[in-house]
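1. dropping the sequence and predicted coords here.
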Amino acid sequence: MSATVLDGKNADAVAQAARVIAEGSALVAIPTETVYGLAANALDEVAVARIFAAKGRPADNPLIVHVPTWQRALPLWAHDDARALGRARLLADACWPGPLTIVCWRSVAVPDLVCAGLPKVAVRAPRHPVLDALFALLDLPIAAPSANASGRPSPTCADDVLASLGDGVALVLDGGPCAHGIESSVVDVTGEHPVLLRPGAIGVAELRALVPDLVVRAPGRAAHGDEASPGLRHRHYAPALARVRRADLAGLRAAWPGTATLLVRAGTAGALRQALGARAAPTHLLDDDPAGFARGLFAALYRIERAQPAELVIEEPPDDERWLAVRDRLLRATS
C-alpha cells in the first residue's frame, strides 16, 4: 500500500497524523525546518522498532527525540549532573525552537532502542508550524530520524520521502520544502567540554558564542562508544548512483568537457563556462554561500538520482568552518 500524502496545513490531516502516532499503529513522515522526519511515539518501543525496520537502520544508530518545549525535554534527561543540565538549558534557551539537538544523560523513561543502548539521549525542539499543531494534540515525545532509507540523502520535501521510503511510511504530512535543508547541529553537553558531534544548520561561530569551550570534531568522522550521535555511525547521505565523487577546481576543469553530471556552485559554473565554453552534459547549480548550498543539496541529489547518470561529480566545498556541515555530508556521501 502506498503512503497517503496529507496537507500539513489542514487541521483534520494533522489530527489524523496525531492519532496514528498516539496509537503506534503506523509511521508518519513529518516536516521540520531541517529535513522531513519519520515519526513515532518515542516512549513506545514497538513503534520505535518500526522506524528502524522501515529505514533499514542499524540498531546501533541512536534517534533524535523531538519535543515542543524545554519543559517537555526534562523528563527525558537525568537530573544528577547539574553542569550538563545547565549547559543544556543555556543552549536550549538560545536556540529552541530551532535546529539544535542536545545530547544529555538519559532518564529511565527513554527506551534503550531509542538511544542504541547508550546512557545519553539526543533531544531537540523543532521550529515548524505543522509540528506546533501536531504537538498541541500530543502529550508525548516524538522519535523522528530523517524520513529516508538508511544511507540515502535526507528528504527535504514530501515527494523525496516517497522516493526513498515508498510504502515504508503510512502517512506523509506535507509541509512544503524545508527551510534549512540540512539536519540539526548536535552538541553533547555531558563531558568536560561541550562537543559538536554533528555540524548542521546552526553554525560553529553561533555555537561558540554560547559555549566558547566547544570542541569541534573533524567533518565526516564517525562516532564511537558513548559519543555516538544520530547519523554518524554509517555511510550516509549517498544517492543511489553507480559513481559519486568530489572534485576540486582542477578536477572540475578536467571533468567539464566530459559526460559526467556536475553539481557545482553557480559562481564556479560561470567561471568554468567563461574559461572552457558551454558543456553538453547536465550541470546542476547550487548557491555560492554555505547556507544556500546546504538548503539545495539533498533536493538536488534526489533530482539527479531520477536521471540515473553514470557518474556524478560534486564540487569540493571550501575548507573553512562556515562550510563544515556541507563538508561533513559530502565526505560521508562519497566515502
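-> Alright, I've got the coordinates.

2. enumerate every residue touching residue 152.
-> Residues in contact with residue 152 (CB atoms under 8 Å, 6 or more residues apart in numbering) are 164, 237, 238, 239, 240. Every C-beta, even on glycine, is put in place using the N, C-alpha and C of the backbone.

3. can we see that at 6 Å?
-> Residues near residue 152 by CB atoms under 6 Å, 6 or more residues apart in numbering: residue 164.

4. likewise residue 193?
-> Residues in contact with residue 193 (CB under 6 Å, 6+ apart) are 213, 215.

5. mind saving the C-alpha coords of the helix or strand containing residue 165 as PDB?
-> For residue 165, the element it lies in under DSSP states H and E is helix 158-165. The C-alpha coordinates for helix 158-165 follow below in PDB (Å, rounded to 0.1, in the frame of the first residue of the first chain):
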ATOM      1  CA  ALA A 158       7.200  15.200   0.600                       C
ATOM      2  CA  ASP A 159       8.000  13.800  -2.900                       C
ATOM      3  CA  ASP A 160      11.500  12.800  -1.800                       C
ATOM      4  CA  VAL A 161      10.100  11.000   1.200                       C
ATOM      5  CA  LEU A 162       8.100   8.800  -1.100                       C
ATOM      6  CA  ALA A 163      11.100   8.300  -3.500                       C
ATOM      7  CA  SER A 164      13.200   7.000  -0.600                       C
ATOM      8  CA  LEU A 165      10.700   5.100   1.600                       C
END
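
6. quick one: average confidence on it?
-> For helix 158-165, the mean pLDDT works out to 95.

7. roughly how far does residue 84 sit from residue 77?
-> 8 Å (CB to CB, to the nearest Å).

8. actually residue 144, not the one I wrote
-> Separation of residue 144 from residue 77 (CB to CB): 18 Å.

9. which one of the two has more residues nearby?
-> Neighbour count, other CB atoms under 10 Å: between residue 144 and residue 77, residue 144 has more, with 27 against 23.

10. and the nearest residue to the more buried one once chain neighbours are set aside, backbone torsions?
-> Distance criterion CB to CB, 6 or more residues apart in numbering; nearest residue to residue 144, sequence neighbours excluded, is residue 37 at 3.1 Å. Dihedral pair for residue 37: phi -110, psi 150, per degrees, to the nearest 10.

11. show me what residue 37 is bridged to.
-> With DSSP bridges applied, residue 37 shows beta-bridge pairing to residue 30, residue 146.

12. buried residues, stretch 197-214. List them.
-> Buried residues in stretch 197-214, counting neighbours by 16 or more other CB atoms under 10 Å, are found at 197, 198, 199, 200, 201, 202, 203, 204, 207, 210, 211.

13. distance between the ends of that stretch?
-> Stretch 197-214 has an end-to-end distance of 10 Å (CA to CA, to the nearest Å).
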